[in-house]
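Engineer: fold the following.
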Amino acid sequence: MALPEEVKELALRVRNWGRWGDQDEIGTINFITAAVVAKAAQEIQTGKRVSLAIPLDSAGPQIGLIPGRVNPVLEMTMVDVPFTGDPADFCSSDDRVTMGLQAGTHWDALAHVSYEGHLYNGVPSNTITKSGALRMGIDRVEYLVGRGVLLDIAKTKGVDRIDGGYALTPQDLDEACEFGNVKLCSGDVVLIRTGHIQHFLAGDRESYGMSAAGPSLQTVEWFYEHEIAAVAIDNAIGEVFPSERDDAMLPVHMIHLVDMGLTQGQNWNLEELSSDCATDGKYSFFLDASPLPFTGAVGSPVNPIAIK
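Structural biologist: A predicted model of the protein is given here:
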């Protein structure tokens, strides 16, 4: 399905190809400069830490909709084995995991999505091979730390959870900024809470995976104009689903990753952070959310930590 002309026109308006040079492979993460990180460190006042990850186990959010994206399966390869044969001596246990790298809380690499034969920065999509991504892999993102901002859409609207299929607008995002009394800065990492992950936390994986509130095409220019470095959300899809358009499959993914080079994250658990922000009234924090450096991978698990 080709992108409709009006969506292509939007994509061209926010396209960052060449903005950081023809060889750039990290896109909007370039907004997180050393100065941005140094300023973000000033967000740390109490040292309180909140993990934003869901558990990595077989009860994860995957329900078989995407082939190969399986929930983590842990296998013990050694169980309390004495290396010398004497159990009173040194003993060791070891394990391994089989999982889809985007099965749980994760970042999408810019190599995750292509359209019309191109990845971000005009790189041909045939650079994605059976051996992995030769360009735009998650390993190109060496670190992702900086200022995080929680846009709590659900609390802003006075509800526990936004209904699935609701398309977030720029006005929704602006109202959440006002609710949290935060002024966005270039290089911020925006975390969007809709409350949708409550379905998963309650054990309803079907409702969690089949529809979601999320960013719409209307918000694309908002992220572009605010120079957002990365965006993560508390659903499995990353954007509103079902899509606001019948003639475009996951168009926000395409524009974010391919045209803007904007890294996306999904399955982030923002419930504890939401409660904490409501308690102290502070909706910005230092965020440590660096991906694992899997060479050539198109995504990575992450255990994001918000530090106040």
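
Engineer: show me the residue at the heart of the protein, geometrically.
Structural biologist: Closest residue to the average C-alpha location of the chain: Gly265 at 0.7 Å, with C-alpha atoms, centre = their mean.

Engineer: which strand or helix spans the nearest residue to that one once chain neighbours are set aside?
Structural biologist: Leaving aside its sequence neighbours, Gly265 sits nearest to Ala232 (C-beta to C-beta, 6 or more residues apart in numbering; 3.0 Å). C-betas here are computed from N, CA, C, even on glycine. Per DSSP states H and E, Ala232 falls inside strand 230-233.

Engineer: re the thing from before, show me what the host helix or strand of the residue nearest to the centre of the chain is packed up against.
Structural biologist: Assessed by DSSP H and E, Gly265 sits inside strand 263-266. Under the contact criterion of 3 or more C-beta pairs under 8 Å, 6 or more residues apart in numbering; DSSP states H and E, strand 263-266 touches strand 106-108, strand 230-233.

Engineer: which one of those lies closest to Leu56?
Structural biologist: Relative to Leu56, the nearest member of the helices and strands packed on strand 263-266 by C-beta to C-beta is strand 106-108, separated by 10.2 Å.

Engineer: so after the closest one, what's the next helix or strand?
Structural biologist: Defined by DSSP H and E, the subsequent element after strand 106-108 is strand 128-129.

Engineer: tell me who's in contact with Cys2.
Structural biologist: Let me fix one detail, which is that residue 2 is Ala and not Cys. If you count contacts by C-beta atoms under 8 Å, 6 or more residues apart in numbering, Ala2 has them with Glu116.

Engineer: start the count at 8 instead of 1 going forward.
Structural biologist: Yep, numbering from 8; the last one is Ala9 now.

Engineer: where does it sit: helix, strand or coil?
Structural biologist: coil (DSSP: H, G, I helix; E, B strand; the rest coil).

Engineer: equivalent analysis for Glu82, please.
Structural biologist: Under three-state DSSP, the three-state class of Glu82 is strand.

Engineer: which non-adjacent residue is nearest it?
Structural biologist: Nearest residue to Glu82 in three dimensions, chain neighbours excluded: Arg103, at 5.5 Å (C-beta to C-beta, 6+ apart).

Engineer: wait, is that neighbour part of a strand?
Structural biologist: Yes. Under three-state DSSP, Arg103 sits within a strand.

Engineer: so who does it touch?
Structural biologist: By C-beta under 8 Å, 6+ apart, the contact set of Arg103 is Leu81, Glu82, Thr84.

Engineer: pLDDT score assigned to it?
Structural biologist: pLDDT for Arg103: 96.

Engineer: quick revisit: now for the residue nearest to Gly272: which residues touch it?
Structural biologist: Listed by C-beta under 8 Å, 6+ apart, the contact partners of Ala239 are Leu59, Trp114, Val196, Val197, Leu198, Ile199, Gln271, Gly272, Gln273, Trp275, Ala296, Pro311.
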